[in-house]
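In: Attaching a predicted model along with its sequence, questions to come.
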Amino acid sequence: MKWFDYQAPTTLANTLALFDSHPGAYLLAGGTDLLVQLRAGRKQTDLVLDIKHVAELNEISFDVADGLTLGAAVSCAQTYENAAVKTHHPSLAEVASIIGGIQIQGRASIGGNLCNAAPSADAIPLLIALSAKCRVASSKGERQIAVEDFCIAPGKNAMLPGEILVSLHLPAPKKGSGASYLRFTPRNEMDIAVAGVGASIVLEGGVFKHARIALASVAPRPLFVPVAGDSLIGKPVNVESIEAAAELAKGAATPITDMRGTVEYRRHLCAVLTKRALEAAVKQAQEAK
Amino acid sequence: MRSKTHVHTKINGEERDFLCEPRQSLLEVLRDTLNMTGTKEGCNDGNCGSCTVTLDGRIVTSCLVLGVEAEGREITTIEGIARGNDLHPIQKAFLENAALQCGICTPGFIVATKALLDKEPDPSEERIRFFLANNLCRCTGYDKIIQAVQQAAKEMQA
Ligand SMILES: Cc1cc2nc3c(=O)[nH]c(=O)nc-3n(C[C@H](O)[C@H](O)[C@H](O)COP(=O)(O)OP(=O)(O)OC[C@H]3O[C@@H](n4cnc5c(N)ncnc54)[C@H](O)[C@@H]3O)c2cc1C
Ligand code: FES
Ligand code: FES
């Protein structure tokens, strides 16, 4: 790796001030994307800012009114070990436990997964399905970005120079809700998704009241497919409604052919995985009653 | 001259100070600065697990940790596993089950296995395979490694 300086600020204000005065700096959370990219020469910088010592970025808390607050630097292991996450967002605990292996999970953060903006990132479709909001701050102020608007191109996110992701906010799950993320990988673990689907639903009296679906690895960015979720609203829970939504998800995918799979194969996977993710979400919603 | 950073840590229970460049990985510091060459470098990008150490009790791939990040933290490496001159039951089980050939992956497997068995003394075979998924072996084959872990689990409970 080329020479860089390292600083580990301990307050959000100091982090923002440093980032403001060093626009070329990179933020270090778990480093499982950043250090690989710096070593390979795909990124270069004079300054690495370690954000793991800032309280706001390490917060993990839940309350019924505000839902879940997940600090941007909280590791996957801290996420899936957290009692509130396990109880209220089991699908988030599940996705945190499939990112890399145990060694990666002790370092990698959900926030870093999002900021790195890979089309294949496993956490992002689920965050979109769960209607997560990103709290973004710079030395000039704060704003909120809906997670479906956060990634704009492979490796590019919607933050402006000087802005950092402070935390993710997931609304508390409503009664009758369920969510799931499923991916297809040739190896069971430690592999990149050929395709992935995040789905979140709310049921009321056997009818879909709310549904959101998003896809991984089949577009230049994690893909929110509102038509697929909307098609379910007001429909009864059955094979026809679920398969119709799965076809709409497949129709929205614009994958490429590469060594992991062809266009046709990936589109087929979108339909299969959407159906299974919806079925898993429905099962969770019905069992929670 | 760019200056090096002073880092204070505890490694295998002993207070250790070292100087390193911010760009150096913890793996480089262990091997090249501290001459602790038990920890191995395989891929240098997080995939193979041969560089596994524990950092504040959690296993990590030390090629994806900066040396400077170790400030104030506790590290355990393969050199800290044996009990004095006696091999740890996990080390014995790897030997007795011929769970190594070239041995490059072995330190990583042993550090990871210890992390598993310290927390979960009686894991299922499936759990062992999932837990060790971040450790790759190119020569031995995984069955012997899994058998060694199972034997170590039995002996550590006895
Ligand atoms: C062996 C291995 C296996 C992997 N397996 C998977 C997998 O199965 N699924 C998957 O999705 N990913 C996988 N990854 C990729 C990676 O682990 C994840 O994307 C991880 O979640 C990134 O988090 P991090 O904390 O390590 O990010 P970092 O590497 O620290 O940061 C990633 C990027 O985001 C920026 N950044 C970090 N935090 C912030 C912030 N708060 N504000 C602004 N910018 C920020 C950094 O500057 C950097 O550019 C794997 C990686 C490895 C090495
Ligand atoms: S050398 Fe670190 S994981 Fe391979
Ligand atoms: S014994 Fe050679 S890599 Fe495992």
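Out: Sure, I can see it. Ligands and ions are numbered 1, 2, ... in the order given.
In: Only C-alpha atoms from now on, for both contacts and neighbour counts.
Out: Fine.
In: How many residues are close by A:G100?
Out: Taking other Cα atoms under 10 Å in any protein chain shown as the criterion, the count of residues near A:G100 is 21.
In: Report the contact partners of it.
Out: Applying Cα atoms under 8 Å, 6 or more residues apart in numbering or on different chains to A:G100 gives the contacts A:E189, A:M190, A:D191, B:N134.
In: B:A93 now?
Out: Listed by Cα under 8 Å, 6+ apart, the contact partners of B:A93 are B:A148, B:V149, B:Q151, B:A152.
In: Can you point out the buried residues in whichever helix or strand the last one is part of?
Out: With secondary structure defined by DSSP states H and E, B:A152 is part of helix B:142-157. By neighbour count on 16 or more other Cα atoms under 10 Å in any protein chain shown, the buried set for helix B:142-157 is B:Y142, B:K144, B:I145, B:I146, B:Q147, B:A148, B:V149, B:Q150, B:Q151, B:A152, B:A153.
In: which strands and helices sit next to it?
Out: helix B:89-96, helix B:125-131 (3 or more Cα pairs under 8 Å, 6 or more residues apart in numbering or on different chains; DSSP states H and E).
In: Does B:F18 fall in a helix, a strand, or a coil region?
Out: Of the three states, B:F18 takes strand according to DSSP: H, G, I helix; E, B strand; the rest coil.
In: What are the phi and psi values at A:D63?
Out: Backbone geometry at A:D63, expressed as degrees, to the nearest 10, gives phi -140, psi 160.
In: Grab the nearest non-local neighbour of it.
Out: In this structure, A:D63 finds its nearest non-sequential neighbour in A:A172, 7.5 Å apart by Cα to Cα, 6 or more residues apart in numbering or on different chains.
In: Check A:L278 too.
Out: Counting by Cα to Cα, 6+ apart, the residue nearest A:L278 is A:A199, at 6.0 Å.
In: Report how many residues lie close to A:G112.
Out: Using other Cα under 10 Å: A:G112 sits among 24 other residues.
In: Excluding sequence neighbours, find me the nearest residue to it.
Out: Looking at A:G112 with Cα to Cα, 6+ apart, the closest residue is A:A29, at 6.4 Å.
In: domains of chain B?
Out: Chain B breaks down by automatic domain parsing into domains covering B:5-80, B:89-157.
In: Against B:N134, how distant is whichever residue of chain A sits closest to chain B?
Out: Across chain A, the shortest distance to chain B (Cα to the nearest Cα) belongs to A:Q103, at 4.2 Å. According to Cα to Cα, to the nearest Å, A:Q103 and B:N134 sit 7 Å apart.
In: between those two, what contacts are shared?
Out: Common neighbours of A:Q103 and B:N134 are listed as B:G49 (criterion: Cα under 8 Å, 6+ apart).
In: wait, isn't the residue nearest to A:D63 in contact with A:L68?
Out: Yes - counting by Cα atoms under 8 Å, A:L68 is a contact partner of A:A172 at 6.6 Å.
In: Could you say which helix or strand holds the residue of chain A closest to chain B?
Out: In this structure, A:Q103 is located in helix A:102-105 according to DSSP H and E.
In: What's the first helix or strand after that helix?
Out: Note on helix A:102-105: by DSSP H and E, the next helix or strand toward the C-terminus is helix A:110-116.
In: Against ligand 2, how distant is the residue of chain A closest to chain B?
Out: As for A:Q103, its distance to ligand 2 is 9 Å (criterion: Cα to the nearest ligand atom, to the nearest Å).
In: What ranges in chain B fall below the confidence cut-off?
Out: In the prediction, chain B carries residues with pLDDT under 70 at positions B:1.
In: how about the residues of chain B that lie near ligand 1?
Out: Counting by Cα under 6 Å from any ligand atom, the residues of chain B close to ligand 1 are B:D45, B:G46, B:N47.
In: how about 5 Å then?
Out: Taking Cα under 5 Å from any ligand atom as the criterion, the neighbours of ligand 1 within chain B are B:G46, B:N47.
In: residues from chain B in reach of ligand 2?
Out: Close to ligand 2, as judged by Cα under 5 Å from any ligand atom, chain B has residues B:E41, B:G42, B:C43, B:N44, B:G46, B:N47, B:C48, B:G49, B:C51, B:T61, B:C63.
In: which of those residues lies closest to A:T79?
Out: Distance ranking of the residues of chain B next to ligand 2 against A:T79, using Cα to Cα, places B:T61 first at 19.0 Å.
In: That closest one contacts B:C51, correct?
Out: Yes - under the criterion of Cα under 8 Å, B:T61 lies in contact with B:C51, with a separation of 5.5 Å.
In: Could you check which of those two has the larger neighbour count?
Out: Under the neighbour definition other Cα under 10 Å, B:T61 and B:C51 were set side by side, and B:C51 has more, 33 against 30.
In: Run through the residues that contact that one.
Out: When the contact criterion is Cα under 8 Å, 6+ apart, the partners of B:C51 are B:L27, B:T39, B:K40, B:E41, B:G42, B:T61, B:S62, B:C63, B:P107, B:G108.
In: Point out where chain A drops to low pLDDT.
Out: In chain A the weaker segments, taking pLDDT under 70 as the threshold, are A:289.
In: Who are the packing partners of the biggest helix by length in it?
Out: Among the elements of type helix in chain A, defined by DSSP state H, the one spanning the most residues is helix A:263-288. Counting contacts by 3+ Cα pairs under 8 Å, 6+ apart, the secondary-structure elements packed against helix A:263-288 are strand A:177-184, strand A:195-204, helix A:239-252.
In: looking at these, which is closest to ligand 3?
Out: The stretch from these with the least distance to ligand 3 (Cα to the nearest ligand atom) is strand A:177-184; that distance is 27.2 Å.
In: what inclination does the closest one have with respect to helix A:263-288?
Out: Orientation check (axes from the mean of the first three to the mean of the last three Cα atoms, to 10 degrees): strand A:177-184 against helix A:263-288 gives 150 degrees.
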